[in-house]
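[1] Next input, structure requested:
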Amino acid sequence: MNLPLRFLTLERLITVVAVAMSAFLLYVVIFMPIAQDQIKIYAVMFSLVLFYLNELHTKKHSTLSRIFLIVLIVLSLASTIYMQVNFMKFVKMMGIMTLPAIIVGTIILLVVWEASRRFFGLLIPVFVIVMMFYGYFGYLLPDPLYHGGISYARLIGYSTVFFRGILGRLASTGATLIIPLFIFANMLDVMGGRKMFLRLGHILAGRFRSGPAQAAVVCSMLFGSISGSTAANVATTGSFTIPMMKSAGYKAEYAAAVEGVASTGGQFMPPVMGSVAFVMVGLLGIHYGTIAIAALVPALLFYLSIAMAVELRARKDRIAPPEAAASDDTFSKVIKDYFHLLIGAGILIYLLFIRYPVSISVAYGIFSIAGLALLRTLIQDKDKIQGIKNFVKNFIEGLAGAAKTGAPLFLFVCLVGVIVEMLTATGLAQKFSNALIDLSGGSFILLLIFTAVASIIFGMGMPTVSAYILVALLGAPALVQAGASVLSAHMFVFILSCLSAITPPVAINPMIACGIAKCGFWPAALTTVRLGLPAFILPFYFMYRPALLVVDTGFASTMNAVFFAVLALVALVIASEGYLFKEVSIVERVILIIAAALLLFPEFYSSMLGAVVVAAFLLYCYLAQRKLSRRVGLPREN
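    Numbering: from 1, shown residues only. Predicted coordinates for the structure are as follows:
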């Protein structure tokens, strides 16, 4: 009698629920045995139960607090099971509210709200309350905020049981795309993906003067390209890259800044792009391949600017080149050891590019990685039984870890769905776009600046997907009305909302990084902003030079746009770091910033003038350094 009770610990129960959630969502994604709206309900149910069980397990609680959590679990189960049992009734009465529907909808709203508050803080949950009050009392407000008002019953309907809000399109995206993507990333990680990225980073570290910082840039780019969270990226890669940079001679705040900025860029680096690529597919109806290709050049330019910056900093601070590593690890050995993972990831990317359904492509990618890892174990491991045991353990860990990580984010995205519904139902989203246009007074550059500021503010403290959804609704329409293409407008607000993660006062990435680096928050945050300056400017470049997005343009146009963008980034990086072969004066920095601004505009004369200024400055610095080296008899910098 005691054996089952002893076996069924809370920790094991959490693992069972987590594995069941991941397995169920993969099953329904592939076979679709039930309606899409039912999938949403099940996903919310699993996520709520898993989250509150995890709350019981990971934190110390008083008896009253534990009772409250158990009540929340019971309410979560009761409300979602009631909706499943009476699913056809809810479908048939769409638009009609009954007392049971009001009660069930209110319970679902409250338990999801409380879960989001516990995990992400008060900012967005309070905003949800404000938006619902606005929806109810809008008839009392003056223009332009006035609207006819929404009754409490219909507020609950729009938020839940009309299969909108919490159970709306964002819930569908979360259940069939975001959670499977978390499973893919976690499976890649537990099957050896993290070790692969770390080895690649260490190999790179010995090839440049700025080797440790370059390793941080590359590892953060690779891990971030499949990660759904910049904060997780900083915590994971920063735990070894930041100490490595500090030991090489970089200041603590600079090491924290490099990791904070590099981790941010992973969110718009294909293939996953923090799951936003797939949300864009659903929102815009644009093929995944088009979105991934559009994001690729800006992402590569972003990382090029960071790589240049850390190299210049290494030379400016006279950081010694790293000694030759004792390890004989090489790129070819890494490829050989992890070829099965690369094939699995390649299968996913191939299926996406041939327009296979996104959710099924992700599922096939997951099973490809797991299947190839098992095959490698059976072929290479001498102890087959132990190898299979390790594989099963890793496979379960991949499923369970993805659900544990993804459940809070999924619930948060569902709660953001209430904000989206209120913005749409009250017409506030359109009013906000019109206000941006009116405020800009017809000036496109002013509209871009106002939209950029709004995107950064709305993105602060939010997960990537939720931040994008809000700015896509509030900021992108104004740019489209002003004449920008739909894709460029959405890429603009998306990248800038990602950069909110390094923008004070919230600046979650520097906050995590400075804890690892053991330095002050503000020095790290301000250094992060300075280091990330080219990233803030980059979206403006592709708004004026849409050829950077490689969409509906020829090869020559793209190369032309890339050439001028690289020159502009070189100018900005030198101005930011204040060094190129020698210290760069304030006047020279100002000249470089002006040249970068000239390169922003696609007119021939302004572009050529900016290019000539940058080229002349590069030549001047090179000749000055060469002359100085000859005078003092020192070797030139390599």
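[2] Return the set of buried residues in the helix or strand containing S47.
    Per DSSP states H and E, S47 falls inside helix 36-58. For helix 36-58, burial by neighbour count (16 or more other C-beta atoms under 10 Å) applies to 37-56. C-beta: built from backbone N, CA, C; applies to glycine.
[3] Point me to the helix or strand that includes A235.
    helix 230-248.
[4] Report the distance from that helix to the chain centre.
    Taking C-alpha atoms, centre = their mean, to the nearest Å, one finds helix 230-248 lying 18 Å from the centre of the chain it belongs to.
[5] and what of stretch 200-220?
    Using C-alpha atoms, centre = their mean, the offset of stretch 200-220 from its chain centre is 22 Å.
[6] That one spans what distance, first to last residue?
    Start-to-end span of stretch 200-220 (C-alpha to C-alpha, to the nearest Å) is 11 Å.
[7] follow-up on the earlier one: so for the helix holding S47, what's the average pLDDT?
    For helix 36-58, mean pLDDT is 94.
[8] From the contact counts, what lies against that helix?
    helix 10-31, helix 63-85, helix 87-92, helix 99-120, helix 169-173, helix 384-425 (3 or more C-beta pairs under 8 Å, 6 or more residues apart in numbering; DSSP states H and E).
[9] The fifth one - what's its average pLDDT?
    So that's helix 169-173. 88.
[10] try the fourth one
    In this model, helix 99-120 has a mean pLDDT of 94.
[11] mind checking how far it is from the chain centre?
    26 Å.
[12] Can you list the buried residues in the helix holding A235?
    By neighbour count on 16+ other C-beta under 10 Å, the buried set for helix 230-248 is 230-238, 240-246, 248.
[13] State the pLDDT value of Q84.
    Per-residue confidence at Q84 stands at 94 (pLDDT).
[14] so where's the stretch 251-400 of the chain uncertain?
    In the predicted model of the stretch 251-400 of the chain, residues 321-328 satisfy pLDDT under 70.
[15] Is V91 in contact with D37, as I believe?
    Yes: counting by C-beta atoms under 8 Å, V91 does reach D37; the two are 7.2 Å apart.
[16] can you give me the helices for the stretch 401-550 of the chain?
    428-440, 444-459, 464-474, 476-481, 486-499, 508-517, 521-531, 533-544 (DSSP state H, counting those that start in this stretch).
[17] Next, format these as JSON lines and append mean neighbour count.
    Putting these into JSON lines (neighbours: other C-beta atoms under 10 Å) gives the following:
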{"stretch": "helix 428-440", "mean neighbour count": "17"}
{"stretch": "helix 444-459", "mean neighbour count": "19"}
{"stretch": "helix 464-474", "mean neighbour count": "26"}
{"stretch": "helix 476-481", "mean neighbour count": "21"}
{"stretch": "helix 486-499", "mean neighbour count": "25"}
{"stretch": "helix 508-517", "mean neighbour count": "25"}
{"stretch": "helix 521-531", "mean neighbour count": "21"}
{"stretch": "helix 533-544", "mean neighbour count": "22"}
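[18] do you know which of those helices lies nearest I124?
    Across these, I124 has its closest neighbour in helix 464-474 (7.4 Å, C-beta to C-beta).
[19] Okay, angle between the closest one and helix 444-459 too, please.
    140 degrees (axes from the mean of the first three to the mean of the last three C-alpha atoms, to 10 degrees).
[20] who's in contact with stretch 298-311?
    Residues outside stretch 298-311 that contact it (C-beta atoms under 8 Å, 6 or more residues apart in numbering) are 208-210, 213-214, 216-217, 221, 258, 261-262, 265, 268-270, 491, 495, 531, 534-535, 538-539, 542, 548-549, 562, 565-566, 569-570, 572-573, 576-577.
[21] How about whichever strand or helix holds I594, which residues are buried there?
    Per DSSP H and E: I594 is located in helix 586-600. By neighbour count on 16+ other C-beta under 10 Å, the buried set for helix 586-600 is 588-589, 591-593, 595-600.
[22] need those in a markdown table with pLDDT, can you?
    Below are the buried residues of helix 586-600 laid out as a markdown table (pLDDT from 0 to 100):
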| residue | pLDDT |
| --- | --- |
| E588 | 88 |
| R589 | 88 |
| I591 | 89 |
| L592 | 90 |
| I593 | 90 |
| A595 | 90 |
| A596 | 89 |
| A597 | 87 |
| L598 | 88 |
| L599 | 86 |
| L600 | 81 |
